[in-house]
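Visitor: Predicted model follows, preceded by the sequence.
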Amino acid sequence: MPGSVSVAPEILAQIQADFSREWQRLCREAENGVLTPPKDRRFSGAAWAANGQHVLMAHVYLLLSKVMNRMVDSAQVSESQRERLRFSAMQWVDALSPANFLAFNPEVQQSLIESAGKTLSMGLSNLLQDIKKGRISQTDESQFEVGRNLACTPGQVVFENRLMQVIQYAPQTDTVYERPLVIIPPNINKFYILDLQPENSLVRYAVEQGHTVFIVSWRNPLASDTDGVEQATWTDYLDDAVLQALSVAGDITGQKQVNALGFCVGGTMLASALALAHGRGESPAASLTLLTSMLDFHDTGVLSVFVDENHAAFRDQQLGRGGLMSARDLANTFSFLRPNELVWNYVVGNYLKGQTPPPFDLLFWNSDSTNLPGPFFTWYFRNTYLENNLKVPGKAQAAGVPLDLTRLNMPAYLCGSREDHIVPWPSAYASTQVLRGPARFVLGASGHIAGVVNPASRNKRSYWARPMGDDKMPGDPNAWLETAEEHPGSWWVDWTKWLGQHGGKRVKASRILGNKQYKPIEPAPGRYVKVRAV
């Protein structure tokens, strides 16, 4: 291991002995013709199995990968250093897979021969197109268009400023709950993750359940903008975006309080904004829903490898007074958290095999990321991921007001995803220990996005929950899980049942969107969401 990193001699000797023994076994089985392909999807094709040399190469690669990971696990370093070593090792190991190279991938070679070289020319064409885009294509983007078959729930933009637009959706029921639902999505991506296609739109589902839904559509600031948006701060986003959106929805519906939902970073912003309002003696939300959001950043999962004082200081100096945190940098960071799935899989398919990836709405959204104003990003990075200030009453401030999230006592619905690598589910659960109102925690199956976008109509996956009304939240998330019951299907049904209890009475639905003060500006999904950064 390089530098000051070392492995205890006896452990290193054991790793070497295990490697030697496994190497000899592989060689014997290869000589006898009984070595079978490894159970790894990268080497599962018939072309790999047809050639013993390629089978052996795949096994040797996986063996060396195992050795590298064991050395990292055994290194005599701090746990934070180990996580960085593990992340770095993953990047190198995944990049050096023989499947990633024309010279070593028999499937690529076979398709090249069978196509008389067409796959090579198509692959080069795909590569040139992606170079122009500045990113790897993960889906057939020609099959999707925002406003046509994505983000197509009917509605109107009823407010806009330099940070966001507010969309009000048209009712689809004769009566609606009198209290509206206001959704704050993450501003690191576009809002339509919650309004993909009609069959998997959380927005449409909520509207169909009788809720008057408003959503924030974030501005995607560009380097060419001249209105100073690149200098927007955390306080600007809380006051001029989140709290403004709650105010607009309340004014249009004639309600003093709204039901508020935040997703991922949007949940962190929403809770912070409500704490800011509370510090001013205001209470704009009757209930709070947080989807895969963190208020306590003690465990940030794999993202912790990017978090240290040096990185924070660099970003402070680079962006603290203005400028844009690049969408491309953010997208690349998240892609390399799962390099085999989100990088090398497409390198092989797009460039080596000359294929067009299949259409997938979620991956189209994933490629449609946004720039962030530098001062907003640097405040967020330092106060959450680095210093974990939000969970400490009064330690973080906005607009000169100390933020105390522990004073938020409205009913809260908290949802985590069991396989989430962005917001580990115990960190989503930790919000139950910060908020003071009656809380319901639900754990969905799958990951950060798929765990949330799980349409009720498809009846797939499952979720874990305690009986409705059980507000006991032990400090240990695993203690909660031990007494939670797994339910088949989507958590959406459970959530709308809970949300209905906080919606107020049912009233006749108004077919007129907006009001005299907030008149419709343009049809949903509006202009802001169509601005692409990369």
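Guide: Received the coordinates, thanks.

Visitor: can you give me the strands for the stretch 251-400 of the chain?
Guide: Using DSSP state E, counting those that start in this stretch, the strands of the stretch 251-400 of the chain run over residues 258-263, 285-291, 324-325, 372-373, 397-398.

Visitor: Take these and lay them out in JSON lines including mean neighbour count and mean pLDDT.
Guide: C-betas here are computed from N, CA, C, even on glycine. Shown next, in JSON lines, are those (neighbours: other C-beta atoms under 10 Å; pLDDT from 0 to 100):
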{"stretch": "strand 258-263", "mean neighbour count": "27", "mean pLDDT": "98"}
{"stretch": "strand 285-291", "mean neighbour count": "25", "mean pLDDT": "98"}
{"stretch": "strand 324-325", "mean neighbour count": "22", "mean pLDDT": "95"}
{"stretch": "strand 372-373", "mean neighbour count": "27", "mean pLDDT": "97"}
{"stretch": "strand 397-398", "mean neighbour count": "18", "mean pLDDT": "97"}
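
Visitor: closest one to residue 13 among the ones you listed?
Guide: strand 324-325 (46.5 Å; C-beta to C-beta).

Visitor: Can I get the helix or strand of the chain with the lowest mean pLDDT as PDB, trimmed to CA atoms?
Guide: Least confident helix or strand of the chain, by mean pLDDT, DSSP states H and E, is helix 327-335 with a mean of 88. In PDB, the C-alpha atoms belonging to helix 327-335 read as follows (Å, rounded to 0.1, in the frame of the first residue of the first chain):
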ATOM      1  CA  ALA A 327     -24.200  20.300 -13.100                       C
ATOM      2  CA  ARG A 328     -21.600  18.200 -15.000                       C
ATOM      3  CA  ASP A 329     -19.400  17.900 -11.900                       C
ATOM      4  CA  LEU A 330     -22.400  16.900  -9.700                       C
ATOM      5  CA  ALA A 331     -23.600  14.400 -12.200                       C
ATOM      6  CA  ASN A 332     -20.200  12.800 -12.600                       C
ATOM      7  CA  THR A 333     -19.900  12.600  -8.900                       C
ATOM      8  CA  PHE A 334     -23.100  10.700  -8.500                       C
ATOM      9  CA  SER A 335     -22.400   8.400 -11.500                       C
END
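
Visitor: chain center to whichever helix or strand comes after that helix: distance?
Guide: Once helix 327-335 ends, the next helix or strand along the chain (criterion: DSSP states H and E) is helix 339. Centre-to-centre, helix 339 and its host chain are 15 Å apart (C-alpha atoms, centre = their mean, to the nearest Å).

Visitor: what comes into contact with helix 339?
Guide: 90-91, 94-95 (C-beta atoms under 8 Å, 6 or more residues apart in numbering).

Visitor: hmm, 6 Å instead?
Guide: residue 94 (C-beta atoms under 6 Å, 6 or more residues apart in numbering).

Visitor: ok, now stretch 241-256?
Guide: Contacts for stretch 241-256 (C-beta under 6 Å, 6+ apart): 159, 163-164, 166, 179-180, 182, 184, 212, 214, 216, 258, 269-270, 273, 284, 515, 518.

Visitor: which among those end up buried?
Guide: 159, 163-164, 166, 179-180, 182, 184, 212, 214, 216, 258, 269-270, 273, 284, 515, 518 (16 or more other C-beta atoms under 10 Å).

Visitor: among those residues, which are in helices?
Guide: 269-270, 273 (DSSP state H).

Visitor: how about JSON lines for the residues you listed, with pLDDT and distance to residue 72 added?
Guide: Below are these laid out as JSON lines (pLDDT from 0 to 100; distance: C-beta to C-beta, whole Å):
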{"residue": "269", "pLDDT": "98", "distance to residue 72": "35"}
{"residue": "270", "pLDDT": "98", "distance to residue 72": "38"}
{"residue": "273", "pLDDT": "98", "distance to residue 72": "41"}
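
Visitor: ok so residue 247 is a helix residue?
Guide: Yes. Applying DSSP: H, G, I helix; E, B strand; the rest coil, one finds residue 247 inside a helix.

Visitor: Which of the ones in helices among the buried ones among the contacts of stretch 241-256 sits closest to residue 509?
Guide: Here the nearest of those to residue 509, counting by C-beta to C-beta, is residue 270; it sits at 25.7 Å.

Visitor: Wait, that closest one touches residue 262, no?
Guide: Yes. Counting by C-beta atoms under 6 Å, residue 270 sits close enough to residue 262 to count as a contact (3.3 Å).

Visitor: Spell out which residues are contacts of both of those two.
Guide: Common contacts of residue 270 and residue 262 (C-beta under 6 Å, 6+ apart): residue 184.

Visitor: give me the number of residues near residue 511?
Guide: A count of nearby residues for residue 511, using other C-beta atoms under 10 Å, gives 7.

Visitor: out of the strands of the stretch 251-400 of the chain, nearest to residue 336?
Guide: Among those, strand 324-325 comes nearest to residue 336, with 16.6 Å by C-beta to C-beta.

Visitor: residues in contact with that closest one?
Guide: For strand 324-325, the external contacting residues (C-beta under 6 Å, 6+ apart) are 221, 230, 371-372, 374, 377.

Visitor: Just send those back as a markdown table, with distance to residue 49 too.
Guide: Compiled in a markdown table, the contacts of strand 324-325 are given as follows (distance: C-beta to C-beta, whole Å):
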| residue | distance to residue 49 |
| --- | --- |
| 221 | 51 |
| 230 | 54 |
| 371 | 46 |
| 372 | 47 |
| 374 | 52 |
| 377 | 48 |
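
Visitor: In helices, which of those fall?
Guide: Those of those lying in helices (DSSP H): 374, 377.

Visitor: Out of the contacts of strand 324-325, which comes closest to residue 499?
Guide: Using C-beta to C-beta, residue 372 comes nearest to residue 499 of those, at 29.7 Å.

Visitor: Show the contacting residues for residue 342.
Guide: Per C-beta under 6 Å, 6+ apart, neighbours of residue 342: residue 335.

Visitor: Likewise for the one 4 residues further on?
Guide: Taking C-beta under 6 Å, 6+ apart as the definition of contact, the neighbours of residue 346 are 136, 138.

Visitor: Would you quantify the distance from it to residue 47?
Guide: 19 Å (C-beta to C-beta, to the nearest Å).

Visitor: Ok, residue 284 next?
Guide: 60 Å.

Visitor: could you dump the ones in helices among the buried ones among the contacts of stretch 241-256 to a markdown table with distance to residue 248?
Guide: As requested, those are arranged in a markdown table below (distance: C-beta to C-beta, whole Å):
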| residue | distance to residue 248 |
| --- | --- |
| 269 | 16 |
| 270 | 15 |
| 273 | 14 |
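
Visitor: got the phi/psi numbers for residue 150?
Guide: Here is the backbone geometry of residue 150 (degrees, to the nearest 10): phi -130, psi 150.

Visitor: Tally up the residues packed near it, please.
Guide: Neighbour tally, residue 150, other C-beta under 10 Å: 21.

Visitor: how about the nearest residue to residue 364, chain neighbours excluded?
Guide: residue 144 (4.5 Å; C-beta to C-beta, 6 or more residues apart in numbering).

Visitor: so how far is residue 356 from that neighbour?
Guide: Residue 144 is 13 Å from residue 356, by C-beta to C-beta.

Visitor: For stretch 391-407, buried residues please.
Guide: 391, 396, 398, 401, 403-406.

Visitor: ok, so of those, who is nearest residue 480?
Guide: Proximity of those to residue 480 (C-beta to C-beta) peaks at residue 391, which lies at 18.4 Å.

Visitor: Would you check how far apart that closest one and residue 411 are?
Guide: According to C-beta to C-beta, residue 391 and residue 411 sit 20 Å apart.

Visitor: same question, residue 515
Guide: Using C-beta to C-beta, we find residue 515 at a distance of 28 Å from residue 411.

Visitor: And for residue 302?
Guide: For residue 302, the distance to residue 411 equals 32 Å [C-beta to C-beta].

Visitor: which of these two has more neighbours?
Guide: Higher neighbour count among residue 302 and residue 411: residue 411, with 20 against 15, using other C-beta under 10 Å.
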